[in-house]
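*Asks:* I'd like to go over a predicted model; first the sequence, then the structure.
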Amino acid sequence: MIEKLEGALNIPLAYCNKVRLLACRLYQAGVEFIDRPFREMTENPGRTPNGDITRHPLVIDRPQAKSVAARIEYDAGVEIQKKTRLVFGNEGKLHAVYLRNGTAKLIDKAPEIKSLPPAGPAGGANIRPARGEAQGNLYLWILIFHSSLQDKVMQLIDGKAVAAHFKARIAEEVTQLKAESGKTPHLVAILVGNNGASETYVAHKVKACAELGFESTLVRFPDTVSEEELLRKVEEINANPDMDGLIVQLPLPKHINPDRIMETIAPAKDVDGFHPINIGRMAKGLPAYVSATPQGCLMLIEHYGIETAGKHCVVVGRSQIVGLPMSILMQRNTYPGNCTVTITHSKTANLAEICRQADILVGALGRPEFITADMVKEGAVVLDVGLERVADPSKKSGFSLKGDVKFDEVAPKTSYITPVPGGVGQMTIISLMQNTLLAAKGAIYAK
Ligand SMILES: Nc1nc2c(c(=O)[nH]1)N[C@@H](CN(C=O)c1ccc(C(=O)N[C@@H](CCC(=O)O)C(=O)O)cc1)CN2
């Protein structure tokens with residue numbers, strides 16, 4: 001019996017940053033095919049101009065086959081990062097990935113797999129964790145063991161790669177702005193207290209400014225600062241024409257009302273898009289600063305060409321900075337948008353049932369691994385906006401980052417999914433930089 005599974009496997013290059021794909025071919029069969037000569041493996045390779053891997057037809061003549069092998073050839077000198085995450089859909093489970101460059105190396109392994117297949121391209125004995133630069137030709141071998149192959153694919157959304165793409169674009173625009181008008185975009189960040197995560201994010205923002213040619217000013221206050229003193233500083237920055245954008249890092253200490261602070265930031269400098277005027281303008285479809293995380297989600301949707309019109313988008317979480325704006329943005333009469341949107345929250349009845357109806361599911365609740373596989377429809381697009389630090393003694397930092405989605409069990413059911421870290425979070429700072437550039441140009445509110 002011949003079972004045709006056109007496009008049954010899709011291997012997005014997004015997993016391997018900075019790597020140019022030369023060829024990708026999928027082979028039906030077991031591990032033994034791996035040892036076939038290079039010549040046979042390269043017949044009829046698929047070529048892609050831009051590094052994205054297109055769908056490759058896969059014909060299975062042994063439906064009982066337990067594995068599929070894929071070979072991807074890269075340019076010499078590419079860097080495969082250890083962090084590179086390789087997850088494949090189709091009910092398939094990734095068992096092992098080898099880099100073949102003289103010796104074979106294991107770079108990733110599905111957590112449920114306790115032992116390696118008996119023989120690899122260079123023999124199991126040579127397999128060891130790999131990192132770093134490959135010299136000469138590098139072949140990445142992928143063995144996918146699967147219980148059943150279905151005509152669906154899962155693509156991991158690579159926030160880091162997309163952020164790098166937009167970063168380069170913003171840097172170009174800054175160079176042009178400086179050449180044409182002598183103007184350097186200037187972002188001011190106010191940081192209150194010593195919250196570890198906030199320190200990290202603000203440091204990233206300052207670093208991004210330096211990398212993109214922006215000017216930045218960091219204003220620090222102890223967590224004992226009064227609301228009045230903070231408001232005075234905001235007003236001082238509002239009045240400074242050299243400062244284009246102002247953000248106050250959240251969360252703030254309990255004695256400070258964040259709404260009061262946000263409402264005091266001049267809408268024209270509110271590059272976080274948290275001011276009621278910006279939220280209202282955004283809701284009306286008028287030019288406005290859109291808050292960074294929802295904006296980042298839209299950029300990812302657009303970058304991957306994910307269809308949204310007519311889809312049911314379920315947003316889990318109604319926070320003013322993510323869930324609410326996301327729900328408004330996804331129903332707009334534009335792309336991305338034109339979704340039928342359901343916004344859910346902690347009091348929603350039948351939450352799992354509603355989530356299962358989602359074509360696009362946005363996790364923005366702030367509860368680690370809350371969204372489990374039974375809450376997700378086959379083929380759904382899942383955007384994980386959650387980012388929690390969960391205590392993890394095995395980590396040097398003492399914590400690991402968890403999203404709202406139980407990634408390992410949800411990913412195989414999806415058509416697209418964002419990981420945490422490395423997904424939506426990566427776009428947050430890029431969106432902020434984009435808004436600051438708009439502020440410097442006077443593109444939303446005339447200067
Ligand atoms: N004034 C604001 N405060 C806060 C915002 C905001 O947009 N404006 N959002 C978050 C924190 N945040 C930016 O401020 C932010 C969150 C996450 C990331 C990010 O890059 N995440 C990475 C992981 C980074 C890490 O290792 O910790 C990822 O998900 O891959 C950047 C910025 C709350 N406060």
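*Replies:* It's in. Numbers count the residues shown, from 1 in each chain.
*Asks:* going forward, measure contacts and count neighbours with C-alpha atoms only.
*Replies:* Fine.
*Asks:* against residue 243, how distant is the closest residue to residue 296 other than its chain neighbours?
*Replies:* Spatial nearest neighbour of residue 296, chain neighbours left out: residue 427 (4.8 Å); criterion: Cα to Cα, 6 or more residues apart in numbering. If you measure residue 427 against residue 243 using Cα to Cα, to the nearest Å, the figure is 23 Å.
*Asks:* quick one, which of the two is more surrounded?
*Replies:* residue 427 (28 against 21; other Cα atoms under 10 Å).
*Asks:* please, which helix or strand holds the more buried one?
*Replies:* Per DSSP states H and E: residue 427 is located in helix 424-441.
*Asks:* can you check residue 167 too?
*Replies:* Assigned by DSSP H and E, residue 167 falls in helix 159-181.
*Asks:* remind me what the helix or strand following that helix packs against, helices and strands.
*Replies:* Using DSSP H and E, the helix or strand that directly follows helix 159-181 along the chain is strand 186-192. The contact analysis (3 or more Cα pairs under 8 Å, 6 or more residues apart in numbering; DSSP states H and E) places strand 186-192 against helix 196-212, strand 215-221, strand 245-248, helix 424-441.
*Asks:* list the buried residues of strand 186-192.
*Replies:* For strand 186-192, burial by neighbour count (16 or more other Cα atoms under 10 Å) applies to 186, 187, 188, 189, 190, 191, 192.
*Asks:* ok, stretch 394-414 next?
*Replies:* Buried, per 16+ other Cα under 10 Å, within stretch 394-414: 400, 402, 403, 404, 405, 406, 407, 410, 411, 412, 413, 414.
*Asks:* again, but for stretch 342-354
*Replies:* 342, 343, 344, 354.
*Asks:* sec struct for the second one, please.
*Replies:* Yep, that's residue 343 we're talking about. Using DSSP: H, G, I helix; E, B strand; the rest coil, the secondary structure recorded for residue 343 is strand.
*Asks:* give the closest residue to it in space, chain neighbours not counted.
*Replies:* Residue 343 sits nearest to residue 315 (Cα to Cα, 6+ apart), 4.8 Å away.
*Asks:* surely the one you found is in contact with residue 327?
*Replies:* Yes. Applying Cα atoms under 8 Å as the test, residue 315 and residue 327 come out as touching, 6.4 Å apart.
*Asks:* now the common contact residues for these two.
*Replies:* Residues touching both residue 315 and residue 327 (Cα atoms under 8 Å, 6 or more residues apart in numbering) are 341, 342, 343.
*Asks:* which non-adjacent residue is nearest the second one?
*Replies:* Read it as residue 342. Nearest residue to residue 342 in three dimensions, chain neighbours excluded: residue 314, at 4.8 Å (Cα to Cα, 6+ apart).
*Asks:* picking that back up, please tabulate the shared contacts of residue 315 and residue 327 in a markdown table, including the columns distance to residue 210 and pLDDT.
*Replies:* Listed next are these as a markdown table, based on distance: Cα to Cα, whole Å; pLDDT from 0 to 100:
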| residue | distance to residue 210 | pLDDT |
| --- | --- | --- |
| 341 | 38 | 98 |
| 342 | 40 | 98 |
| 343 | 38 | 98 |
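*Asks:* closest one of those residues to the ligand?
*Replies:* Using Cα to the nearest ligand atom, residue 343 comes nearest to the ligand of these, at 19.9 Å.
*Asks:* quick one on the thing from earlier: paired strands for the helix or strand encompassing the residue nearest to residue 343, with orientation please.
*Replies:* For residue 315, the host element (DSSP H and E) is strand 312-316. Strand 312-316 has the following sheet partners, assigned by DSSP bridges: strand 340-344 (parallel), strand 360-363 (parallel).
*Asks:* let's have the ones you listed in TSV, adding distance to the ligand.
*Replies:* TSV is the format used below for the strands paired with strand 312-316 (distance: least, Cα to the nearest ligand atom, whole Å):
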stretch	distance to the ligand
strand 340-344	20
strand 360-363	13
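*Asks:* which among those strands is found nearest to residue 216?
*Replies:* Distance to residue 216, taken as Cα to Cα, is lowest for strand 360-363 among those, at 31.7 Å.
*Asks:* show me what the closest one is in contact with.
*Replies:* Outside strand 360-363, the residues that touch it by Cα under 8 Å, 6+ apart are 311-317, 355, 371, 376, 380-386, 404-405.
*Asks:* what do you get for stretch 212-228?
*Replies:* By Cα under 8 Å, 6+ apart, the list of residues contacting stretch 212-228 reads 167, 170-171, 174-175, 184-194, 206, 209-210, 253, 255-257.
*Asks:* likewise for stretch 438-447?
*Replies:* Here stretch 438-447 makes contact (Cα under 8 Å, 6+ apart) with 177, 183-186, 244-245, 268-269, 271, 287-289.
*Asks:* show me which residues of the chain sit near the ligand.
*Replies:* 201, 247-250, 272, 292, 420-426, 428-429 (Cα under 6 Å from any ligand atom).
*Asks:* of the residues you listed, just the buried ones, ChimeraX syntax please.
*Replies:* In ChimeraX, this line selects whichever of the residues of the chain next to the ligand come out buried by 16+ other Cα under 10 Å:
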select :247,248,249,272,292,420,421,422,423,424,425,426,428,429
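*Asks:* can you tell me the element residue 396 falls in?
*Replies:* Counting by DSSP H and E, there is no helix or strand that carries residue 396.
*Asks:* hmm, back to that, residue 435: which of the buried residues of stretch 342-354 is nearest?
*Replies:* Looking across the buried residues of stretch 342-354 and measuring by Cα to Cα, the closest to residue 435 is residue 343, at 25.7 Å.
*Asks:* ok, what's across the strand from residue 389?
*Replies:* Beta bridges link residue 389 to residue 401, judged by DSSP bridges.
*Asks:* can you get me a residue count around it?
*Replies:* By other Cα under 10 Å, the residues close to residue 389 number 13.
*Asks:* same thing with residue 391?
*Replies:* 12.
*Asks:* pLDDT of the helix holding residue 167, averaged?
*Replies:* The pLDDT scores in helix 159-181 average 94.
*Asks:* ok, now stretch 311-322?
*Replies:* Throughout stretch 311-322, pLDDT has a mean value of 96.
*Asks:* hmm, who's touching that stretch?
*Replies:* Contacting residues not belonging to stretch 311-322 are listed as 274, 291, 293-294, 323-324, 326-327, 330, 338-346, 354-355, 357-366 [Cα under 8 Å, 6+ apart].
*Asks:* contact partners for the closest residue to residue 312 other than its chain neighbours?
*Replies:* Distance criterion Cα to Cα, 6+ apart; nearest residue to residue 312, sequence neighbours excluded, is residue 340 at 4.8 Å. By Cα under 8 Å, 6+ apart, the residues touching residue 340 are 310, 311, 312, 313, 330, 331.
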